[in-house]
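In: structure, please.
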Amino acid sequence: MAVPNTSTFTLQQVVNEIGTSKFKGPGDLKKCFQLASSKGFVSSYAGSKNKLSNFRGYSHGSSYNLY
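Out: All right, here's what the predicted structure looks like:
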């Protein structure tokens, strides 16, 4: 499930979306950006990828099938 497309989501929701097993210890924003997939960001919120709000609507499992 993607990070909510609202302004009230938390860092923990981002960590959960990426997958808590990828973090050794508590998740932090820098580690979230390191583990994030560029195709998972919503282009209108991605920005400079330096603040929590850049993860608005982020989906780590995003994939596109081209037929």
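
In: quick one: residues contacting the residue lying closest to Asn5 once chain neighbours are set aside.
Out: Excluding the flanking residues, the one nearest Asn5 by CB to CB, 6 or more residues apart in numbering is Gly57, at 4.0 Å. Where you see a C-beta, it was placed from the backbone N, CA and C, and this is true even at glycine. Residues near Gly57 by CB atoms under 8 Å, 6 or more residues apart in numbering: Ala2, Val3, Pro4, Asn5, Phe41, Val42, Tyr45.

In: please identify the buried residues of stretch 28-48?
Out: Residues Leu29, Lys31, Cys32, Phe33, Ala36, Gly40, Phe41, Val42, Tyr45, Ala46 are the ones in stretch 28-48 that count as buried (16 or more other CB atoms under 10 Å).

In: for the residues you listed, work out which two are farthest apart.
Out: For the buried residues of stretch 28-48, the maximum inter-member distance is 20.3 Å, found between Lys31 and Val42 (CB to CB).

In: tell me where this structure has helices.
Out: Taking DSSP state H as the criterion, the chain contains helices spanning 11-18, 29-35, 43-46.

In: elements contacting the second one?
Out: Which is helix 29-35. In terms of contacts (3 or more CB pairs under 8 Å, 6 or more residues apart in numbering; DSSP states H and E), helix 29-35 is packed against helix 11-18.
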